[in-house]
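[1] Sequence and computational prediction follow.
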Amino acid sequence: MTQPTTIRRVRETRPRLLDLFCCAGGAAVGYARAGFAVDGCDIADRPNYPFAYHRDDALAYLAHLIETGEIRRYAFVHASPPCQHGCALTVGTNASQGWGRAHVDLVAPTRELLDASGLPYVIEQPNGRAKIRKDLTLCGEMFGLGVIRHRNFEVGGWSIEQPAHVRHRGRVRGYRHGQYFDGPYVAAYGNGGGKPSIPELQAAMGIDWTDVREELTEAIPPAYTEHIGAVFLATIGLGVAA
């Protein structure tokens, strides 16, 4: 007699994280390594994103999740709204030369919706004039990477300590005002001026699942969010998250 098939439903044990403005998944991979299950959302097609992915306007999608109550599937939200409005290049060199175009500041509406979600979160931005609290600043040298790539994080609904900023070992390799400088770091932005090859950039960032230069230069090194995710999970494990 054939025995009936037993179907076992396994409850997901990894807390789920929503990765907004996810690009190719630099942040997502770090959170996954820390212990999260990750869902991404980005307005552009991201075939290299390595996890479940929803193509949509990130803020419209977040508003929908809040309105329907589906946001309760998540334990944490990471948001990296487009940074061109306030990044150092836009407000510095490009502005002084009359280059570039107007960019929309999405940080404030992102924060408003994240606060409405009731979930703990981080908002990530590069150095520049983006109006976020710099609760945490991370640098590639803190993790032994081949990029400096300072990134700032505003945290909501929980807290994280700022680690010591390790002294840089030298310069970023490449041309500055027509003069070439050597150094232990590669420039993870742009195309000219002695910029690294794709394999060099992948190795320096700790990213091996995309070979698209634009995605690499926009990404957060996974080591950054692995650190953030591990601290958060340890925090909620101790029962002290807000």
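    Alright, I've got the coordinates. Numbers count the residues shown, from 1 in each chain.
[2] From now on I want contacts and neighbour counts done on CA atoms only, so please keep to that.
    Noted.
[3] Can I get stretch 64-84 as PDB, trimmed to CA atoms?
    What follows is stretch 64-84, C-alpha atoms only, in PDB (Å, rounded to 0.1, in the frame of the first residue of the first chain):
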ATOM      1  CA  HIS A  64       1.800  50.000  -0.400                       C
ATOM      2  CA  LEU A  65       3.300  47.600   2.100                       C
ATOM      3  CA  ILE A  66       2.500  49.900   5.000                       C
ATOM      4  CA  GLU A  67      -1.100  50.500   3.800                       C
ATOM      5  CA  THR A  68      -1.800  46.800   3.300                       C
ATOM      6  CA  GLY A  69      -0.100  45.600   6.500                       C
ATOM      7  CA  GLU A  70       2.400  43.500   4.500                       C
ATOM      8  CA  ILE A  71       5.200  45.400   6.000                       C
ATOM      9  CA  ARG A  72       4.800  43.200   9.000                       C
ATOM     10  CA  ARG A  73       6.600  40.400   7.100                       C
ATOM     11  CA  TYR A  74       9.800  42.400   7.700                       C
ATOM     12  CA  ALA A  75      12.000  42.900  10.800                       C
ATOM     13  CA  PHE A  76      14.200  45.600   9.300                       C
ATOM     14  CA  VAL A  77      14.500  48.000   6.400                       C
ATOM     15  CA  HIS A  78      17.600  49.200   4.600                       C
ATOM     16  CA  ALA A  79      17.200  52.200   2.200                       C
ATOM     17  CA  SER A  80      19.800  53.700  -0.100                       C
ATOM     18  CA  PRO A  81      17.900  56.500  -1.900                       C
ATOM     19  CA  PRO A  82      19.700  58.000  -4.900                       C
ATOM     20  CA  CYS A  83      22.600  60.100  -3.600                       C
ATOM     21  CA  GLN A  84      23.300  62.500  -6.600                       C
END
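[4] which residues are contacting it?
    15-22, 62, 90, 103, 105-107, 110, 114, 116-117, 119-126, 130 (C-alpha atoms under 8 Å, 6 or more residues apart in numbering).
[5] Just the buried subset of these, written out for ChimeraX, thanks.
    Here is the ChimeraX command that picks out the buried ones among the contacts of stretch 64-84, judged by 16 or more other C-alpha atoms under 10 Å:
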select :16,17,18,19,20,21,22,62,90,105,107,110,114,117,119,120,121,122,123,124,125,126,130
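[6] give me every residue that touches residue 63.
    Shown in contact with residue 63 (C-alpha under 8 Å, 6+ apart): residue 113.
[7] host element of it?
    helix 58-68 (DSSP states H and E).
[8] How far away from the center of its chain is that helix?
    19 Å (C-alpha atoms, centre = their mean, to the nearest Å).
[9] so residue 51 makes contact with residue 32?
    No: using C-alpha atoms under 8 Å, residue 51 is not in contact with residue 32, being 9.3 Å away.
[10] which one of these two has more residues nearby?
    Taking other C-alpha atoms under 10 Å, residue 51 and residue 32 do not tie; residue 32 has more neighbours (21 against 16).
[11] what helix or strand is the more buried one on?
    helix 26-34.
[12] which helices and strands sit right next to whichever helix or strand comes after that helix?
    Downstream of helix 26-34, the next assigned helix or strand under DSSP H and E is strand 37-42. With contacts taken as 3 or more C-alpha pairs under 8 Å, 6 or more residues apart in numbering; DSSP states H and E, strand 37-42 sits against strand 16-20, helix 26-34, strand 52-55, helix 58-68.
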